[in-house]
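Peer 1: could you work out the structure for the sequence below:
(2 chains)
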Amino acid sequence: MTRHYNSETARLLGVIADEANKLPVSDRRDFLRKGVAMAGTAIAAATASGGALASNLPPNIPASNRSLGPGVVTNPYGQPSRFEGDVVRRTVPWLTANKISSISFSPLQELSGIITPNGLVFERYHAGVPTIDPSEHRLMIHGLVERPIVLTMDELMRFPSTSLIRFIECPANGGMEWRGAQMEALQFTHGMLSCCEWTGVPLSTLLQEVGAKPQGKWVLAEGADGAAMSRSIPIEKALDDTLVVFAQNGEALRPEQGYPVRLLNPGWEGNTSIKWLRRIEVGDKPWFHREETSKYTDLMPDGKARKFTWVQETNSVITSPCPEKPLRGRGRYELEGLAWSGRGRIKRVDVSFDGGVSWQQARLKGLVLPKALTRFSFEWSWKGNPALLQSRAIDETDYVQPTLTQLRQVRGVESIYHKNAIHTWKLAADGTVTNVQID
Amino acid sequence: MYRLTDRFNKSLLAGLLLVFLAAGLRAEPEGQKGAAQEPVQATQMGSTAAAAGLFQDIEERSLSFSHSLDPARAGYYGLGEAATPEMIAGWDIDVRPDGQGLPPGSGTAEIGEPLYEKKCAECHGVFGEGAGRWPKLAGNEPLVGGGRPEKTVGNYWPYASTLWDYIHRAMPFLQPQSLTDSEVYAITAYVLYLNEIIEYDWELNQDNLATIAMPNRDGFFMDPRPDTRNVACMEGCKDPDTIKITWDSTRLGVTPVEHLQQSRATPLPGSAPQSGDKVYRQACGLCHDSGLGGAPAIGDKAAWAGRIAQGRELLIEHAINGFQGETGVMPPKGGQAQLSSDAVSAAVDYMLGRVGEG
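Peer 2: Sure thing, here's the model as predicted:
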């Protein structure tokens, strides 16, 4: 994650101003005066060592060894290092008419392991992020039940809870590329994808508590946002592994992720995991709301559309190298990537350097959990040759991630959702990486 | 966690076999016929959903599932307040295809027209054609035949109830849940009328909404996935000489890439004016490379001749402010509001320079 900054004056001045802001007002002016003088010399000293201050490099003792830093609770809620400033969610403005109903992408190229930090989880709103005071929030559970109830957040959190590491992926992830490659960065080709540890109450516990009746075959989940987002979920899923979530990665849900409470349907398209959950109704039939008819249905070449396409099938992508992380010179590298399946665990990942002519098995790294991101790794030596890099995941059901050609043969190019094809990066002799499609 | 019953598991296995047979007939990619098919374990809900081919439809499959919740355990934790009928009535806003959930009320397209024009048309267009990039609501383009058919209420939505429900819960976009029930009936009627589904003076109400036969009612079928059968070949999987790059994302240049280029050459902001071809690649090529959405394709003499005759100034004005012509909608600055007018005119000059190159 090292940044290679160049020694722009503007940046240094920015750093100094930043630093000054942390000082008491009385000290600031003095600091700034010295700082500006310092910046001058620093700029001259820089460049030679690829952007770093030479005075901080061996054999010199770095400044950090010769000074003190800010003390405890300078930042009562800690933030990433300011040198990680470009590790942020991004959007592609022309994808949507406005930012209120829009999407942003997680910077997969910058992440390690399998957990997405809370501030980097991709966003998808249909009516922006509502502001909800948890003391005013209620979860109503009613319909074909013996005991319809309304729960406060405190009451909800008194039920026995569980924690699961699971991915959430928007089914439109990669959907801009059915016809051809047009996203020039990993963040945009695959970034509608995040993975957290989610803590909440199994929906089965709540359905038991309200006494869901045998005629109850579906539940409707509904949000408290301006879209009153709603989806029908079959009771098999609701009783299997659906969770009513109030925390992610150890802290309360972020507003962007449904604070104070959301649903999580592990392995299923993200839209079903209703955020800002305010209501669950048990019924005997699906509701066929807008998000399961007009949207989130997959149009096939014969003009008919698939409905209730819930599961996110096995997928994978190489995250290093990628367009954002080109190779810098020949030599040994650890190729890395992410694989995931909405049907269970990842069993194996293969990588190819020649566009799929030959494949080699990668190593699965760290935790290998069902319906969670799984990191794979392959050590290799780059000799400076152009290459076509691919990864191919296989899950525990033995489903093999398909090629784009295979997907298009069955589904054509109009289906928008659920594109889980093997992805190709073109590696050029200068180390740059480009998103391409091959036949 | 609750487990599926044994009986259900057995029927799933049978369902799986059927799905395999069906997929073999329908979805097998060429050249893969007869490839070893390993059985899929139906252990996770994802597979069970996909494996439900045994039933005609997902709703039917769902009905056949019986859960084992123990009524005697209801209220075991005793948490929460009883939801009263009044509380439920206030919150329970959902409407189903059979009409369940519709409140009393009625309205005609005639009553809905002025309401629609006041509250909806600025985004969705006077005829439901969609203003700019806002969603289109009316139209009956066929869904087959390629060319990115635009889905609308008329050609795609299977149930009228969905329209009532959605307008009521989420529209108008900036004031959701601000319409009265009667307004929702009237506006729903108007959108149905724009789609030529009901007559202008037909009164829509809670009793007849469910009887409306939407044109695409039978246009949906349940998810048949897994629908591909790739095999994990390891060596000699294809002839390297046949591999060709069919698409290269940098050709279009439509995504923001500044963040990945910052460690490369960094021109000072505001220094060199943006060259026309660069702006074109970044903001215009998406439509004008191929003629997407009725855009005159770059270099296509016939498509440009008449336009050029209008004079460069007018073309630049149209490119900057947007333009609705006979072939489609040209969004202002190609939809990229951050572009300067100079950048857009440079792109137009570049496009004009390419006319006639072939």
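Peer 1: what residue in the stretch 51-200 of chain B comes nearest to chain A?
Peer 2: Across the stretch 51-200 of chain B, the shortest distance to chain A (Cβ to the nearest Cβ) belongs to residue B:74, at 2.9 Å. In short, each C-beta sits where N, CA and C put it, glycine included.
Peer 1: isn't that residue up against residue A:206?
Peer 2: No - taking Cβ atoms under 8 Å as the definition, residue B:74 is not a contact partner of residue A:206, at 10.9 Å.
Peer 1: and the closest residue to residue A:196 other than its chain neighbours, how many neighbours?
Peer 2: Excluding the flanking residues, the one nearest residue A:196 by Cβ to Cβ, 6 or more residues apart in numbering or on different chains is residue A:248, at 4.4 Å. When neighbours are defined as other Cβ atoms under 10 Å in any protein chain shown, residue A:248 has 27 of them.
Peer 1: can you pull out the strands in the stretch 101-250 of chain A?
Peer 2: Ranges of strands within the stretch 101-250 of chain A are A:102-104, A:123-125, A:139-143, A:149-151, A:162-169, A:193-202, A:218-223, A:230-234, A:243-248, based on DSSP state E, counting those that start in this stretch.
Peer 1: then the stretch 201-350 of chain B?
Peer 2: B:204-205, B:220-222, B:245-248, B:323-324, B:329-330.
Peer 1: and stretch A:85-97, end to end?
Peer 2: End-to-end distance for stretch A:85-97, by Cα to Cα, to the nearest Å: 27 Å.
Peer 1: for that stretch, buried residues please.
Peer 2: A:87-92, A:94-95, A:97 (16 or more other Cβ atoms under 10 Å in any protein chain shown).
Peer 1: with stretch A:396-405 instead?
Peer 2: Within stretch A:396-405, judged by 16+ other Cβ under 10 Å, the buried ones are A:396-397, A:399-405.
Peer 1: so where's the stretch 1-150 of chain B shaky on pLDDT?
Peer 2: B:1-61, B:63, B:146 (pLDDT under 70).
Peer 1: residue B:213 and chain A, how far apart?
Peer 2: Distance, residue B:213 to chain A, using Cβ to the nearest Cβ, to the nearest Å: 15 Å.
Peer 1: neighbours of that residue, how many?
Peer 2: For residue B:213, the count of nearby residues is 9 (other Cβ under 10 Å).
Peer 1: pLDDT score for residue A:99?
Peer 2: The per-residue pLDDT reported for residue A:99 equals 85.
Peer 1: now do the phi/psi pair for the nearest residue to it once chain neighbours are set aside.
Peer 2: Nearest residue to residue A:99, sequence neighbours excluded (Cβ to Cβ, 6+ apart): residue A:91, at 7.4 Å. As for residue A:91, its main-chain torsions (degrees, to the nearest 10) stand at phi -130, psi 170.
Peer 1: measure residue A:91 to residue B:79 for me?
Peer 2: 40 Å (Cβ to Cβ, to the nearest Å).
Peer 1: again with residue B:111
Peer 2: Relative to residue B:79, residue B:111 is positioned 47 Å away (Cβ to Cβ).
Peer 1: neighbour count for these two, which is higher?
Peer 2: residue B:111 (20 against 17).
Peer 1: residues in contact with residue A:87?
Peer 2: Residue A:87 makes contact with A:1, A:80, A:107, A:110, A:120 under the criterion Cβ atoms under 8 Å, 6 or more residues apart in numbering or on different chains.
Peer 1: next: residue A:251.
Peer 2: By Cβ under 8 Å, 6+ apart, residue A:251 lies in contact with residue A:118.
Peer 1: what about the residue of chain A found nearest chain B, how many residues nearby?
Peer 2: Residue nearest to chain B within chain A: residue A:211 (2.9 Å; Cβ to the nearest Cβ). Neighbours of residue A:211 under the rule other Cβ under 10 Å: 22.
Peer 1: okay, residue B:74 and residue A:206: which has more neighbours?
Peer 2: residue A:206 (25 against 18).
Peer 1: from memory that one sits against residue A:159, does it?
Peer 2: Yes - Residue A:206 is in contact with residue A:159 according to Cβ under 8 Å; the separation is 7.0 Å.
Peer 1: quick one: is stretch A:128-137 near chain B?
Peer 2: No - counting by Cβ under 8 Å from any Cβ of the partner chain, chain B has no neighbours in stretch A:128-137; the shortest distance is 10.3 Å.
Peer 1: any buried residues in that stretch, and which?
Peer 2: A:129-130, A:132, A:134, A:137.
Peer 1: hmm, back to that, list the contacts of the residue nearest to residue A:196.
Peer 2: A:118, A:121, A:196-199, A:254, A:257.
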